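Engineer: Below is the structure, and that's it, no one-letter string:
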């Protein structure tokens, strides 16, 4: 089946630094990728929709200047958390739209990146 | 009101028990419905899609009632390996998945 990878799987950084997370579709092209964030014991919350070759669409309440998304190719989207603070510590998960199954596209999830900001 | 609501549990059941999870969604424009399973500190994995006619996959049965905007998941003959968080998920056409908070299941021997 389709595979989505994320790198790094875990990162610890100091407050004020920036962290880049990569999301790759390994055996298929993904024109659309999604970035989610999950705090402990909470649901996955959609942060933004990333479209190849165009600007990302951010959900209400998500700062686009803080969470920079770049989707420069059909297999790679990156999320950069700029000037990270402890409250940005979370589990970040990307997903990619795959092939059509019926009238919907199946979505494949990456393994997630656990960010801890100290 | 949240788009997808679930009873968070936890549900603590013995092996072999039958357990049912419920979910309601608020957006009548939702078109696709799923149950995902998430293990601790892992990404969610698709368990099954949910259709109005109801569908079954082994010990798992899912039902959708569009009129009442209600989704259910029934697990029969629970196994220890079923212990996880079960996420109710909906999607409108062409948009990302919207996740419920999840229902935690713990199966004990």
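Structural biologist: Nice, thanks for sending it over. Model, not experiment: these values are computed from the prediction. Numbers count the residues shown, from 1 in each chain, chains lettered A, B, ... in the order given.

Engineer: can you pull the buried residues of stretch B:56-71?
Structural biologist: For stretch B:56-71, the neighbour count (16 or more other CB atoms under 10 Å in any protein chain shown) marks B:60, B:61, B:62, B:63, B:64, B:69, B:71 as buried. In short, each C-beta sits where N, CA and C put it, glycine included.

Engineer: Now for residue B:104: which residues touch it?
Structural biologist: B:8, B:9, B:10, B:11, B:84, B:85, B:86 (CB atoms under 8 Å, 6 or more residues apart in numbering or on different chains).

Engineer: By mean pLDDT, flag the weakest helix or strand of chain A.
Structural biologist: One helix or strand of chain A scores below all others by mean pLDDT, DSSP states H and E: strand A:104-109, with a mean of 77.

Engineer: Quick check: next helix or strand after that strand?
Structural biologist: Next along the chain after strand A:104-109, taking DSSP states H and E as the criterion, comes strand A:113-117.

Engineer: which helices and strands sit right next to that next one?
Structural biologist: Secondary-structure packing of strand A:113-117 (3 or more CB pairs under 8 Å, 6 or more residues apart in numbering or on different chains; DSSP states H and E): strand A:10-13, strand A:19-25, strand A:90-101.

Engineer: how big is the angle separating that strand from strand A:19-25?
Structural biologist: Counting by axes from the mean of the first three to the mean of the last three CA atoms, to 10 degrees, strand A:113-117 lies at 180 degrees to strand A:19-25.

Engineer: what does strand A:113-117 contact?
Structural biologist: With contacts defined as CB under 8 Å, 6+ apart, strand A:113-117 is touched by A:6-15, A:19, A:21, A:81, A:84-93, B:41.

Engineer: 6 Å instead?
Structural biologist: A:6, A:10-13, A:15, A:21, A:84-86, A:88-89, A:91-92 (CB atoms under 6 Å, 6 or more residues apart in numbering or on different chains).

Engineer: Report the buried residues of that strand.
Structural biologist: In strand A:113-117, counting by 16+ other CB under 10 Å, buried: A:113, A:114, A:115, A:117.
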